[in-house]
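Q: below are the sequence and a predicted model for it; my questions follow.
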Amino acid sequence: MSIKLKLGIVLGSFVVLFIAIIGATFMTVSSQKSDGTVINTAGRQRMLSQKMSKESMALLQGKSTGEEVLKTVALFDNSLNALISGNANMGIPATRDSATLAQLNKVKDVWSEFKVNVESIVERSGHIEKSKKHILENNIPLLKESNKAVGLMDKVGLAAQTVNIAGRQRMLSQKMTKEILSFDGVQVKAADIYTTVNLFDKSLKGLIRGDAAMGLSSIQSPKILAQLGKVEEMWKPFKAEVESYIEESEALFAHTNYVMANNVPLLKEMNKGVGLYEALSAKKVTNLKVTELVFLGLAVIFVGIGWFVVVRYIVSPINGVVALARKMSDGDLSSDDLEVKTKDEVGTLSLALNTMKHNLNDILGHLRNSSDHVASATTELSATSNQIVAGADMQANQTNQVATAMEEMSATVIEVAKNSQGASEASD
């Protein structure tokens, strides 16, 4: 394995670790973003539970509309389903945490019945409004027609009891209307209204057909009977609407009581869900911190491994190469060969240095052998030179002796010549 590859592995490990840290952080941040949407939606559910309760009560007072209530119901329902199963359009992922999911299912259990009651309030309030409208529109006409009947009775001069009961009908029509408008099931009960309704109905029938118990004789006047007939025609649908109003209102009170009794429990269960979402979000932050600490620990381990790899497989072999090179530069070629453990660039360099050392040793060995031959030849040459010098010295001595003899002979010749000249002169 080459040094390049080793360094690549070390650096690549750091890069992978760095990417993993960034990836974990990015995923957590993205998750936190969706968590913000989820927590906001879950928190809004608490508000919606109270809003629809308020709107339901306002609906009964005519200060809200059924459409507004149903819109709030649909928003709560859609948001709850999105929190449980997820909704891409709302940016809400499905809930995976088992504890949070279990809590949301508790909310759903409470909500399913709560929803039915709120929708029933809207539905029944529609019927109630219809009946209420009829009652409000027809109570005055009923009063007027009853008043006409009383006027006719006065003209005919019927018995005081009959006129009194007929006059009482006018009061009963208004009392009934007032009781209906005040009907709350507590201060004004259904029985109170039914008492008034039954009294009006019984009195009207008694006036038309007679009623001995009430002291009423049947009316004989066609004109009065015709007027009472008009009153009866108006009374039948009026009575039906009053009874419908009472029945729907009593049912509505049950739904209203349920909503009022359960809107706070629904709020509490939803609040628990929000708390779990917040805890889950905080847990993700904690997990991110733990993950980053783990990656930090891995980074330290990778640094240690990288340091070991660099020192063991790069620095130490290079130091060995440097030490051998220094010894060789100092002329020491007797060091042991470098131990080659790898096939990387440092291993190749070590082998080359070992080969160079061996080659230098071979060259020096050849040089030593050549030097020995040169030294031997030099010794022989020196001996020959000494002999030549000795012969030259002997020859020089002999030459000196010859020169001396020749000088002596030259002196003798000169002496002889001189003697010959003297003899010649003497002979002359």
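A: The structure has been received and is ready for your questions.
Q: and the gap between the nearest residue to Val156 once chain neighbours are set aside and His366?
A: Nearest-residue entry for Val156: Ser221, 5.5 Å, with adjacent residues in sequence omitted and distances by C-beta to C-beta, 6 or more residues apart in numbering. C-beta here means a position set from N, CA and C on the backbone, and glycine is covered the same way. Computed with C-beta to C-beta, to the nearest Å, the distance linking Ser221 and His366 is 164 Å.
Q: which of these two has more neighbours?
A: Neighbour tally, Ser221 and His366, criterion other C-beta atoms under 10 Å: the higher count belongs to Ser221, 14 against 10.
Q: where does the more buried one land on pLDDT?
A: Looking at Ser221, its pLDDT reads 89.
Q: roughly how far apart are it and Asp201?
A: Ser221 sits 22 Å away from Asp201, taking C-beta to C-beta as the criterion.
Q: ok, now Val188?
A: Taken as C-beta to C-beta, the spacing of Val188 relative to Asp201 amounts to 19 Å.
Q: quick revisit: wait, the residue nearest to Val156 sits on Leu152?
A: Yes. When contacts are counted by C-beta atoms under 8 Å, Ser221 is listed as touching Leu152 (7.2 Å).
Q: quick one: buried residues of stretch 258-275?
A: Tyr258, Val259, Asn262, Asn263, Leu266, Leu267, Glu269, Met270, Asn271, Lys272, Gly273, Val274 (16 or more other C-beta atoms under 10 Å).
Q: quick one: which of those residues is nearest to Asp109?
A: Of all the buried residues of stretch 258-275, Asp109 sits closest to Glu269, with 8.6 Å by C-beta to C-beta.
Q: check which helices and strands the lengthiest helix in the chain sits against.
A: As assigned by DSSP state H, the longest helix anywhere in the chain is helix 222-310. Packed against helix 222-310, as judged by 3 or more C-beta pairs under 8 Å, 6 or more residues apart in numbering; DSSP states H and E, are the following elements: helix 3-60, helix 98-156, helix 160-182, helix 190-209.
Q: model confidence for Ile224, exactly?
A: Residue-level confidence at Ile224 comes out at 91, pLDDT.
Q: rewinding a little: and the angle for the longest helix of the chain with helix 160-182?
A: 10 degrees (axes from the mean of the first three to the mean of the last three C-alpha atoms, to 10 degrees).
Q: any idea how far the helix or strand following helix 222-310 is from the chain center?
A: Past helix 222-310, further along toward the C-terminus, the next helix or strand under DSSP states H and E is helix 316-329. Averaged C-alpha coordinates place helix 316-329 at 55 Å from its chain's average position (C-alpha atoms, centre = their mean, to the nearest Å).
Q: who are the packing partners of the helix or strand just after helix 316-329?
A: Toward the C-terminal end, the helix or strand that comes next after helix 316-329 (DSSP H and E) is helix 345-427. Contacting helix 345-427 under the criterion 3+ C-beta pairs under 8 Å, 6+ apart are the following elements: helix 3-60, helix 316-329.
Q: got a markdown table for the ones you listed, with mean neighbour count, distance to Ser125 and mean pLDDT too?
A: Written out in a markdown table, the entries for the helices and strands packed on helix 345-427 read as follows (neighbours: other C-beta atoms under 10 Å; distance: least, C-beta to C-beta, whole Å; pLDDT from 0 to 100):
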| stretch | mean neighbour count | distance to Ser125 | mean pLDDT |
| --- | --- | --- | --- |
| helix 3-60 | 16 | 5 | 77 |
| helix 316-329 | 14 | 90 | 78 |
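Q: neighbours around Ile128, how many?
A: 24.
Q: just Val416 next, same as before
A: As a measure of burial, Val416 has 10 neighbours, counting by other C-beta under 10 Å.
Q: burial measure for Glu425, as a count.
A: A count of nearby residues for Glu425, using other C-beta under 10 Å, gives 8.
Q: per-residue pLDDT, it?
A: Per-residue confidence for Glu425 comes out at a pLDDT of 70.
Q: what does Leu267 give?
A: Confidence per residue is given as pLDDT, and for Leu267 that number is 89.
Q: quick one: it from Ala20, how far?
A: Leu267 sits 42 Å away from Ala20 when distances are taken as C-beta to C-beta.
Q: nearest to Lys327, out of the helices and strands packed on helix 222-310?
A: Within the helices and strands packed on helix 222-310, the stretch nearest Lys327 is helix 3-60; the backing value is 24.0 Å (C-beta to C-beta).
Q: what's the following helix or strand after that closest one?
A: Scanning forward in sequence from helix 3-60 by DSSP H and E, the next helix or strand is helix 66-85.
Q: any idea of the mean pLDDT in that next one?
A: Here the mean pLDDT over helix 66-85 is 93, rounded to a whole number.
Q: kindly report the same for stretch 270-288.
A: pLDDT averaged over stretch 270-288 equals 83, rounded to a whole number.
Q: return the distance of that stretch from the chain's centre.
A: The chain centroid and the centroid of stretch 270-288 are separated by 12 Å, computed with C-alpha atoms, centre = their mean.
Q: output that stretch as CSV, restricted to C-alpha atoms.
A: Coordinates of each C-alpha in stretch 270-288 appear next as CSV, following Å, rounded to 0.1, in the frame of the first residue of the first chain:
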residue,chain,number,x,y,z
MET,A,270,-54.1,17.8,23.9
ASN,A,271,-51.8,19.6,26.3
LYS,A,272,-50.2,16.4,27.3
GLY,A,273,-49.6,15.7,23.6
VAL,A,274,-47.9,19.0,23.1
GLY,A,275,-45.8,18.3,26.2
LEU,A,276,-44.7,15.0,24.6
TYR,A,277,-43.9,16.7,21.3
GLU,A,278,-41.8,19.3,23.2
ALA,A,279,-40.0,16.5,25.1
LEU,A,280,-39.5,14.6,21.8
SER,A,281,-38.0,17.7,20.2
ALA,A,282,-35.7,18.3,23.3
LYS,A,283,-34.7,14.6,23.1
LYS,A,284,-33.7,15.1,19.5
VAL,A,285,-31.4,18.0,20.5
THR,A,286,-30.0,15.8,23.3
ASN,A,287,-29.4,13.0,20.8
LEU,A,288,-27.7,15.4,18.5
